[in-house]
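> everything below, folded, please.
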Amino acid sequence: MTARATKPPKTTGAALLLLFTLLWLGVIILLPLINVLATAFSQGLPPYLAALHTEDARAAIGLTLLVAAISVPLNALFGVCAAWCITRFEFKGKSLLLSILDLPFSISPVISGLVWILLFGSQGWFGFLMRDHDIKIVFALPGLVLATVLVTLPFIARELIPLMEDQGTDEEVAARTLGARGWDIFFRVTLPNIKWALLYGVLLCTARAMGEFGAVSVVSGHIRGLTDTLPLYIEITYNQYDTIGAFAAASILAGLAIVTLVLKTLLEWRFAGELAASRRH
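The predicted model follows:
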């Protein structure tokens with residue numbers, strides 16, 4: 001039997017679908033972004049710069065960068081180790097491990113912060129140890145880092161696992177056969193093969209870490225100048241009717257998001273094949 005020729009999609013329908021997509025993106029993404037920037041600069045550049053040069057604003061920006069600088073390398077190390085373990089070894093409970101790895105995607109960020117309160121708060125499981133040894137976890141930098149690490153835990157591992165499964169172990173086995181040691185295999189074979197997917201995961205993890213609100217809000221204690229990250233500072237400043245200060249700080253996060261988007265697009269364009277493989281399955 002002769003197969004019937006399928007009709008090409010109607011150009012009018014495709015154009016309407018594209019128009020709807022662009023309008024929806026404009027309303028949901030571009031319009032709020034434009035509003036943030038317009039409000040931040042509504043009184044001119046000097047008030048904008050003055051709002052960002054306050055002591056609390058500088059402290060919030062610095063703390064946000066510090067938390068990200070600690071959390072992202074920890075998750076990068078964990079992501080590489082987890083991906084290596086899952087893709088290179090067979091063991092009982094692998095599917096359970098993968099499910100646990102995805103757990104931060106499915107639970108509320110508020111819960112991700114609350115668990116540390118229940119563990120290290122004054123009335124938590126280990127609260128007596130914190131009091132006896134004068135150790136501060138919650139309402140301090142360690143709590144912010146722990147909450148951020150938990151929320152961003154799967155990002156890097158989930159970028160690496162599909163790619164490493166797709167690549168297989170042939171090159172590593174060949175290197176081992178030629179006498180290469182474990183670390184030599186990792187740095188000369190494995191890491192070069194996963195470096196762009198790793199960088200992509202780091203990029204996404206960094207963006208998520210700097211923009212996290214719910215988890216860090218629970219463990220921060222909202223101590224001005226000490227435990228308020230940039231998202232928390234925006235909320236506090238806006239609630240105090242400092243519109244310029246709030247939107248100026250928000251424009252910093254928006255700018256970081258735009259930089260992340262540009263870098264993400266460049267990575268996807270330059271290394272489309274490898275990144276596509278990392279999303280397979």
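
> residue contacts, Met130?
Phe120, Ser122, Gly124, Lys136, Ile137 (Cβ atoms under 8 Å, 6 or more residues apart in numbering). Bear in mind the C-beta positions are built from the backbone N, C-alpha and C, glycine included.

> what distance do you get for it to Thr265?
Met130 is 45 Å from Thr265, where distance means Cβ to Cβ, to the nearest Å.

> the contacts of Met130: which two are farthest apart?
Gly124 and Lys136 (12.7 Å; Cβ to Cβ).

> neighbour-wise, which of the two wins?
Gly124 (17 against 12; other Cβ atoms under 10 Å).

> so where's the protein shaky on pLDDT?
1-10, 270-281 (pLDDT under 70).

> which helix in this structure has the most residues?
helix 55-88 (DSSP state H).

> helices of the stretch 1-150 of the chain, start to end?
11-25, 31-40, 45-52, 55-88, 94-101, 103-106, 109-120, 127-132, 141-152 (DSSP state H, counting those that start in this stretch).

> who wins for proximity to Glu159 among the ones you listed?
Closest approach to Glu159 among the helices of the stretch 1-150 of the chain (Cβ to Cβ): helix 55-88, 7.5 Å.

> now the closest one: buried residues?
56-57, 59-61, 63-65, 67-68, 70-72, 74-76, 78-80, 82-84, 86-87 (16 or more other Cβ atoms under 10 Å).

> what packs against it?
helix 45-52, helix 94-101, helix 141-152, helix 154-167, helix 191-211, helix 230-239, helix 243-270 (3 or more Cβ pairs under 8 Å, 6 or more residues apart in numbering; DSSP states H and E).

> deepest in the core, which of the ones you listed is it.
Greatest average neighbour count among these goes to helix 141-152 (a mean of 24), per mean count of other Cβ atoms under 10 Å.

> hey, C-alpha coordinates of that helix in CSV?
Output of helix 141-152 as CSV, limited to C-alpha atoms (Å, rounded to 0.1, in the frame of the first residue of the first chain):
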residue,chain,number,x,y,z
LEU,A,141,26.1,31.6,58.0
PRO,A,142,26.3,27.8,58.4
GLY,A,143,22.5,27.5,58.4
LEU,A,144,22.2,29.6,55.3
VAL,A,145,24.8,27.4,53.5
LEU,A,146,23.1,24.2,54.6
ALA,A,147,19.7,25.4,53.5
THR,A,148,21.0,26.5,50.1
VAL,A,149,23.0,23.3,49.6
LEU,A,150,19.9,21.2,50.2
VAL,A,151,17.7,23.2,47.8
THR,A,152,20.3,23.2,45.0
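
> what's in contact with that helix?
63, 66-68, 70-72, 74-75, 104, 109, 112-113, 115-116, 120, 136-137, 205, 208-209, 212, 215-216, 218-220, 227, 229.
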